[in-house]
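1. take a look and give me a structure for this.
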Amino acid sequence: MGGSDNIEAATAPVVDMGATTKGDVADEGYELFEDANPQTFTEEQKNAVRRKIDLHLLPLMCALYGLNYVDKVALGWAVLFNFRSDLGLVGTEYSWASSMFYFGYLVAQYPANYILQRYRTARILSLSVITWGILMIAHLGLRNFAGLMVIRFLLGVAESVVTPGFVLYTSMWYTRREQVMRTMLWAAMQGAFSIVSSLLSYGLGHITNTSLKPWMYIFLVLGLLSLIVGFSWLFFMPETPNKARFLTHEEQVIAVQRVAENMMGIKGYQWKNYQMWHAIKDVKTWLILAFVLLTQLPNGGLTSFGSLVISGFGFDSFKTLLIGLPSSVVSAGSMIVWGTFSIKYGNLRTWGMIIPLLPAIAGIAAVYGTMGTDANKYGRVVAYWLINSYAVTWPFCLTIVGQNIAGHTKRAFTNTLLFIVFAAGNIAGPFFFREQDAPRYVLAITIILVFFCAALLCAIALRYYMALQNRLRDNQFGAAETTEEKLDGMRLGMHDKTDLENSDFRYVL
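-> Have a look, this model is predicted:
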């Protein structure tokens, strides 16, 4: 069950496969990959193993990722219950406190991705959850702005490994087609947990006449839940398929060979500097980074100020919490719907970055267009709910990196750049919501509308570029259709070759 996995860097056997892989260190589970012919196992056997993996991994993955999100946005709920006045926050201090989380997140990105590449992923994630659970409880001791800044910075450092770690962990266990639905499931927990936590905050906000202030209960309960999930990960989550105690030896072989078909390996422990250059010169990298920047700048502001925007429509604190719930339903529901479509249809990843932006653009345009008018406030709320459809683009962006960037160091370095941009966007985002613009925030709403339109163009360009590269590779090397034709590409993947080195590799759109 993974409890005995050590955190120290591991080594793997060197396998001589000729000029292409001679001297290269093979991935975890390579021996199992070569243990049997990939065609030995039936689809029924493979599906049975997949279901077993789902049963053992997904509940704790969903719990961790859901808490990861609500722990981040708890500040936005606390502010509705005198958090700012209790800590004496004035001027832009709340904006700085919101952004300080992402300063810690940004600073920690390179070491976080390096550690995830070099050491045991599941163990790193479990320690991260335990650390941020302690930090959430530490909010109860806050008395001033300085203490809040320190706690928020450390919280960003602690949570910096979570999303890149989840992208890596998901790719170790699932085929590229399966990863979309699994990524959507754990990403949808952001919306699902947000709904539950909003209702929880609503109830906790009514607790009065105790030694703890209402907002303190929010951090206390979320901190305790985080500790429970963290220790559960520590004892029950395996590192890789070949070390999963809940699988028999034959099932471990099947699990490894299923993932080998991705041509991206499973888990290696070397850091290869040349793969960083492969990431830098890859056009996909820059299109993805541009898309992330243009969607996360709005996200940073909406996460911290969304509740204040809704209250600006004319609602009190408690109604603001309740009216914000459907926005999370839109977010979580969209992810589940797109994930379901991905099971039946392929090549939806870039469409999942394009289409959800359309209702978001329509929603933000409606909010902007009704400013200063006598428009019904509930109609404006419905338009605001639509904005959150953009949230589904983020997990799709993660699947692009997790499934189209081969080479462990290349993927880790791309994730580093991705999350640095993610953090920078979320740092800057709250400052578009200027205090003098409250409660309508005209400047911020305008900027969000422009950025969403630009992000749409980046997603279209990314789909076109990957489709073009697939056609060029088919013309030059021929299409690899059968398992036998893909074996060389699978072996290259198990020896940590990048997508630029592996001529059998094709991008999933």
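
2. can we go C-alpha only for contacts and neighbour counts from here?
-> OK.

3. what does stretch 183-197 contact?
-> With contact meaning Cα atoms under 8 Å, 6 or more residues apart in numbering, stretch 183-197 is reached by 58, 61-63, 65-67, 69-70, 167, 170, 325, 328-333, 335-336, 338-339, 395-396, 399.

4. now do 6 Å
-> Applying Cα atoms under 6 Å, 6 or more residues apart in numbering, the contact partners of stretch 183-197 are Cys62, Gly66, Tyr69, Val70, Leu325, Ser328, Ser331, Ala332, Met335, Gly339.

5. please tell me which one of these counts the most neighbours.
-> Ranked by neighbour count (other Cα atoms under 10 Å), those have Met335 at the top, with 31 neighbours.

6. thought that one was touching Ala391?
-> No - with contact defined as Cα atoms under 6 Å, Met335 does not count as touching Ala391 (8.4 Å).

7. quick one: contacts for Val392?
-> By Cα under 6 Å, 6+ apart, Val392 lies in contact with Met335.

8. I'd like the mean pLDDT over the strand or helix carrying Ala255, please.
-> Secondary structure from DSSP states H and E places Ala255 in helix 249-260. For helix 249-260, mean pLDDT is 87.

9. ok, Asn502 to Ser128 distance?
-> 34 Å (Cα to Cα, to the nearest Å).

10. now do Leu457
-> Distance of Leu457 to Ser128, given as Cα to Cα: 36 Å.

11. tell me which of these two has more neighbours.
-> The neighbour comparison of Leu457 against Ser128 (other Cα under 10 Å) goes to Ser128, with 21 against 13.

12. what helix or strand is that one on?
-> Ser128 belongs to helix 121-138, assigned by DSSP H and E.

13. try His56
-> His56 is located in helix 43-78, with elements delineated by DSSP H and E.

14. name the residues of the helix or strand following that helix that are buried.
-> Using DSSP H and E, the next helix or strand after helix 43-78 towards the C-terminus is helix 83-87. For helix 83-87, the neighbour count (16 or more other Cα atoms under 10 Å) marks Phe83, Arg84 as buried.

15. format the CA atom coordinates belonging to the very next helix or strand once past helix 83-87 as PDB.
-> As assigned by DSSP H and E, the chain's next helix or strand after helix 83-87 is helix 93-107. Taking Å, rounded to 0.1, in the frame of the first residue of the first chain, the C-alpha atoms of helix 93-107 are listed here in PDB:
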ATOM      1  CA  GLU A  93      -3.200  44.600   2.500                       C
ATOM      2  CA  TYR A  94      -5.900  42.100   1.700                       C
ATOM      3  CA  SER A  95      -4.800  42.000  -1.900                       C
ATOM      4  CA  TRP A  96      -1.200  41.500  -0.800                       C
ATOM      5  CA  ALA A  97      -2.300  38.700   1.600                       C
ATOM      6  CA  SER A  98      -4.200  37.000  -1.300                       C
ATOM      7  CA  SER A  99      -1.200  37.300  -3.600                       C
ATOM      8  CA  MET A 100       1.400  36.200  -1.000                       C
ATOM      9  CA  PHE A 101       0.300  32.600  -1.300                       C
ATOM     10  CA  TYR A 102       1.400  32.700  -4.900                       C
ATOM     11  CA  PHE A 103       4.700  34.300  -4.100                       C
ATOM     12  CA  GLY A 104       5.500  31.200  -2.100                       C
ATOM     13  CA  TYR A 105       4.000  29.000  -4.800                       C
ATOM     14  CA  LEU A 106       6.200  30.800  -7.400                       C
ATOM     15  CA  VAL A 107       9.500  30.700  -5.500                       C
END
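
16. shaky segments in the chain?
-> Applying pLDDT under 70 to the chain flags residues 1-30, 32-39, 300-301, 303-325, 327, 347, 368-378, 435, 438-439, 481-485.

17. and the gap between the closest residue in space to Met100 that isn't next to it in sequence and Phe422?
-> Spatially, and ignoring its direct neighbours in sequence, Met100 is nearest to Phe153 (5.3 Å; Cα to Cα, 6 or more residues apart in numbering). Using Cα to Cα, one gets 15 Å for the distance from Phe153 to Phe422.

18. likewise for Phe396?
-> 14 Å.

19. about what we covered before: Phe153 and Phe422: which has the busier surroundings?
-> Phe422 (25 against 21).

20. in which helix or strand does the more buried one reside?
-> Here Phe422 is assigned to helix 408-428, by DSSP H and E.

21. thinking again about what came up before, with respect to Tyr269, which of the contacts of stretch 183-197 is nearest?
-> Among the contacts of stretch 183-197, Cys62 lies closest to Tyr269 (Cα to Cα), at 26.0 Å.

22. in stretch 464-471, what counts as buried?
-> By neighbour count with 16+ other Cα under 10 Å, stretch 464-471 contains the buried residues Tyr465, Met466, Asn470.

23. which element is the first one on?
-> Just to be clear, that refers to Tyr465. Per DSSP H and E: Tyr465 is located in helix 442-477.

24. skipping its backbone neighbours, what lies nearest the residue nearest to the spatial centre of the chain in space?
-> The centroid of the chain falls nearest to Thr163 when counting by Cα atoms, centre = their mean (4.1 Å). Among residues not flanking Thr163 along the chain, Tyr65 sits closest, at 8.0 Å (Cα to Cα, 6+ apart).

25. distance from the chain centre to stretch 226-237, please.
-> Counting by Cα atoms, centre = their mean, to the nearest Å, stretch 226-237 is centred 19 Å from the centre of its parent chain.

26. name the element the residue nearest to the centre of the chain belongs to?
-> Element membership for Thr163, per DSSP H and E: helix 162-173.

27. touching that helix from outside, list them.
-> Contacts for helix 162-173 (Cα under 6 Å, 6+ apart): Ile266, Gly402.

28. make 14 the starting number, not 1.
-> Let's use 14 as the start, then, which means that last one is helix 175-186.

29. what angle do it and helix 421-441 make?
-> Here the directions of helix 175-186 and helix 421-441 differ by 150 degrees (axes from the mean of the first three to the mean of the last three Cα atoms, to 10 degrees).

30. helix or strand right after helix 175-186?
-> Following helix 175-186 in sequence order, the next helix or strand is helix 189-217 (DSSP H and E).

31. helix 56-91 and that following helix, what's the angle between them?
-> Put simply, helix 189-217 runs at 30 degrees to helix 56-91, going by the same axes, to 10 degrees.
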